[in-house]
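**Student:** sequence and predicted structure below; questions after.
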Amino acid sequence: MCGIVGYIGTQAATEILLSGLEKLEYRGYDSAGIATIWEDKIHCVRAKGKLYNLRSKLEHLQTPARIGIGHTRWATHGKPEEYNAHPHTDTANRVAVVQNGIIENYRDLREQLKANGHQFRSDTDTEVIPHLIAQFLKEEIARGESNSEFVFLEAVKKAVNKLEGAFAIAVICADYPDELIVVRQQAPLVVGFGQGEFFCASDTPAIISHTRAVLPLENGEIARLTPLGIEIYNFAGQRLKKHPRLLSLNPMMVEKQGFKHFMLKEIHEQPGVVRACLEAYFNSNGSSSINLGLSDELYADLEQIQIVACGTSWHAALVGKYLLEQLAQIPTQVQYASEFRYAPSPLTPNTLTIGVTQSGETADTLAALAMEKERRQNKQPKYQPRLLGITNRPESTLGHMVPNIINTLAGIEIGVAATKTFTAQLMAFYALALDLAYRRQTVAPDVWEDIVKGLWQIPKEIETNLETQERLTEQLAHDFAETTDFIFVGRGINFPIALEGALKLKEISYIHAEGYPAGEMKHGPIALLDAKVPVVAIAMPGSVYEKVISNAQEAKARDSRLLGVTPVNDKEAAEIFNDIIPVSPVDELLSPILTVVPLQLLAYHIAARRGLDVDQPRNLAKSVTVE
Ligand code: AGP
């Protein structure tokens, strides 16, 4: 995933582009670049690595440009080197393009363009776009169209009709210095409306400090932005009528607000996120109805649920499976979206398919849902697609693609490692499972009410735990800064939390970590254990507590340092664990929302101790919009 921005108006473009890119850096940080137009020329400045490298290159360059485009890259085609950084230009350096996505047919296009004399300077798929546009511009002009107001637009339209793949692009041309053209095809792009100025970006945080009036483009749309206004067309060239809407996002939400990193801020926001979800999904007056706003057809005669997701969202889906099966008694499968796409389960009747993706843009999850929709269409009624999305970005591609959405209400998450959005996904699953359990009467009313009451206590419990957990994990981080391997174990509903704890540590601290169901250790992974390999065990009172404790004993017998995520005043735990990170003794069923927090903090403090870039870990991007 990459980030693109664009500006046209009366202000100095460079700083607007750079500050927009700062807010998009979570989407990729292998290189960055901007192209502006002044003195009838394209001026392109690019730098390998993080945005500050680009900033320092531009430091002494005061440019009069009032139009420009910018890009922050997560490398797909071609190494993360400056020559592959966007913007890319045509041979004559008159057209500049930034792109987020993948041009699948770029090899063929590149060969054709080379045969026509175009010279390529990068290994990227994107570079074909400025060359194609330049070629069509030449053809338009040769046809005597050079005086038409729409020459540039026409050339871009013809070029995008040649492209296959998923992409969002922004284009400028030195010969048309009052036009910024943007295109969306399966990759996000929003246009922001200012006073005599327009902005565009892959995501709203990049423009929120300038305007809250935005228009997210739909797939297959091209917008022509000029100081005089905006025109929107489809790829066939028909003009469309669209209106902006007001964003509720507050610019403060995309600031660190005194925290050292976004990740730490986002961990601390979790009590508020859980509260927001409770207030939105549950009735605080104690009545048993749940408001998810889902259609009744989604629930009718439900026999099966299948969930597709990636990464942390896949872990949330595993907790969801536990809840849907144990509370609502519905057989539930959880699939990696990237696997499901190419090996889907046989079709089952009356099946609800849930796509979980915080960003709503993960290519594998979207493709798995699209595939499921397609293969169920034109089948008998009981096989018809029933799709539900769980996302933190209802305005995303997922939001457009799936008719039923649970909005996870975590607020924008900037840290690449998901924290508060995971907790919010868990809340969505609690609400869904309890709603289904209520409708299907699979849980006794008093038990149902106790679970709901327990959920309302969770924000306070996270708050109570946070201070001690923060202090202890920061201390523990001293001991583990040099550790090379970690094992996380849990059972039942806390097994996915062991996976999530290991993923958090891997992605931000680069320490090898594995999560296992505690009972599986003895079937192989136990061979890894010795005094150098710490084991983190999630041991919450409930159905598997004693089992986890004995599995932890097995690890201790192999000299592993044992860390327990467990209630503090448990005597048995105190004897076994070398270190305890305390968690309030809540009902086992609700415990994942509490147990995940200290694991996020442990990963955070170890990574911070190692001096790593917590919010933008190497090789990663916030969401992966390529296959
Ligand atoms: C989470 O910490 C990861 N960065 C990653 O696994 C992420 O959860 C995954 O890429 C899925 O993203 P999504 O929820 O936006 O679909």
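**Tutor:** Structure's in. What do you need?

**Student:** residues from the chain in reach of the ligand?
**Tutor:** 310-313, 357-359, 362, 365, 416-418, 507, 620, 623-624 (C-beta under 6 Å from any ligand atom). (Glycine included, C-beta is placed from N, CA and C.)

**Student:** next step: these restricted to helices.
**Tutor:** Cross-referencing these against helices under DSSP state H gives 311-313, 365, 507.

**Student:** and of these, the nearest to the ligand?
**Tutor:** residue 311 (1.9 Å; C-beta to the nearest ligand atom).

**Student:** spatially nearest residue to that closest one, not counting backbone neighbours?
**Tutor:** Nearest non-adjacent residue to residue 311, counting by C-beta to C-beta, 6 or more residues apart in numbering: residue 503, 6.9 Å away.

**Student:** likewise residue 614?
**Tutor:** In space, residue 614 is closest to residue 261, 4.5 Å off (C-beta to C-beta, 6+ apart).

**Student:** so what pLDDT did that neighbour get?
**Tutor:** Predicted confidence (pLDDT) for residue 261: 95.

**Student:** so how far is residue 571 from it?
**Tutor:** 37 Å (C-beta to C-beta, to the nearest Å).

**Student:** residue 536 too?
**Tutor:** 20 Å.

**Student:** show me which of the two is the more surrounded one.
**Tutor:** More crowded of residue 536 and residue 571, by other C-beta atoms under 10 Å: residue 536, with 30 against 7.

**Student:** just confirm the more buried one is within a strand.
**Tutor:** Yes. Assessed by DSSP: H, G, I helix; E, B strand; the rest coil, residue 536 belongs to a strand.

**Student:** pLDDT score for it?
**Tutor:** On pLDDT, residue 536 comes in at 97.

**Student:** same check on the one 4 residues further on?
**Tutor:** With respect to pLDDT, residue 540 has a value of 94.

**Student:** how many other residues sit next to it?
**Tutor:** Residue 540: 30 neighbours (other C-beta under 10 Å).

**Student:** quick one, phi/psi of the spatially closest residue to it that is not a sequence neighbour?
**Tutor:** Closest residue to residue 540 apart from its sequence neighbours, by C-beta to C-beta, 6+ apart: residue 591 at 4.2 Å. Note on residue 591: backbone dihedrals following degrees, to the nearest 10 are phi -60, psi -30.

**Student:** tell me the contacts of residue 591?
**Tutor:** By C-beta atoms under 8 Å, 6 or more residues apart in numbering, the contact list for residue 591 reads 493-494, 540, 542, 583.

**Student:** please enumerate the helices of the stretch 201-350 of the chain.
**Tutor:** With DSSP state H, counting those that start in this stretch as the criterion, the stretch 201-350 of the chain has helices at 262-268, 270-281, 296-299, 311-326, 337-340.

**Student:** contacts for the first one, please.
**Tutor:** Contacting residues not belonging to helix 262-268 are listed as 256-257, 259, 413-415, 417, 419-420, 466, 508, 597, 600-601, 604, 614-615 [C-beta under 8 Å, 6+ apart].

**Student:** so how far is the ligand from residue 517?
**Tutor:** Plainly put, residue 517 is 20 Å away from the ligand if you go by C-beta to the nearest ligand atom, to the nearest Å.

**Student:** gap between the helix ranked longest in the chain and the chain center?
**Tutor:** Counting residues, the longest helix found in the chain (DSSP H) is helix 445-480. Distance, stretch centre to chain centre, for helix 445-480: 25 Å (C-alpha atoms, centre = their mean, to the nearest Å).

**Student:** cool, and stretch 232-241?
**Tutor:** With C-alpha atoms, centre = their mean, you get 29 Å for stretch 232-241.

**Student:** for the helix or strand where residue 161 lies, which positions count as buried?
**Tutor:** If you go by DSSP states H and E, residue 161 is part of helix 151-162. Buried residues in helix 151-162, defined by neighbour count with 16 or more other C-beta atoms under 10 Å: 151-160, 162.

**Student:** for stretch 473-485, same thing?
**Tutor:** 473-474, 476-477, 480-481, 483.

**Student:** format the CA atom coordinates belonging to the worst-scoring helix or strand of the chain on mean pLDDT as PDB.
**Tutor:** None of the helices or strands of the chain scores lower by mean pLDDT, DSSP states H and E than helix 571-576, at a mean of 82. Output of helix 571-576 as PDB, limited to C-alpha atoms (Å, rounded to 0.1, in the frame of the first residue of the first chain):
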ATOM      1  CA  LYS A 571      -1.600 -18.100  44.900                       C
ATOM      2  CA  GLU A 572      -1.000 -21.000  42.500                       C
ATOM      3  CA  ALA A 573       0.100 -18.600  39.700                       C
ATOM      4  CA  ALA A 574       2.400 -16.700  42.100                       C
ATOM      5  CA  GLU A 575       4.300 -19.900  42.800                       C
ATOM      6  CA  ILE A 576       4.800 -20.900  39.200                       C
END
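
**Student:** now the buried residues of stretch 473-485 in a markdown table, with distance to residue 93?
**Tutor:** Listed next are the buried residues of stretch 473-485 as a markdown table, based on distance: C-beta to C-beta, whole Å:
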| residue | distance to residue 93 |
| --- | --- |
| 473 | 52 |
| 474 | 52 |
| 476 | 55 |
| 477 | 50 |
| 480 | 51 |
| 481 | 48 |
| 483 | 51 |
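
**Student:** what's the lowest-pLDDT member of these?
**Tutor:** residue 481 (91).

**Student:** who touches that residue in this structure?
**Tutor:** Applying C-beta under 8 Å, 6+ apart, the residues near residue 481 are 606, 609-610.

**Student:** turn those residues into CSV, columns for neighbour count, pLDDT and secondary structure.
**Tutor:** As requested, the contacts of residue 481 are exported to CSV (neighbours: other C-beta atoms under 10 Å; pLDDT from 0 to 100; DSSP: H, G, I helix; E, B strand; the rest coil):
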residue, neighbour count, pLDDT, secondary structure
606, 27, 97, helix
609, 17, 96, helix
610, 16, 96, coil
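
**Student:** circling back: next, count neighbours for the residue nearest to residue 311.
**Tutor:** Neighbour number of residue 503 under other C-beta under 10 Å is 23.

**Student:** residue numbering should commence at 698 henceforth.
**Tutor:** Got it, first residue is 698 now, which makes that one residue 1200.
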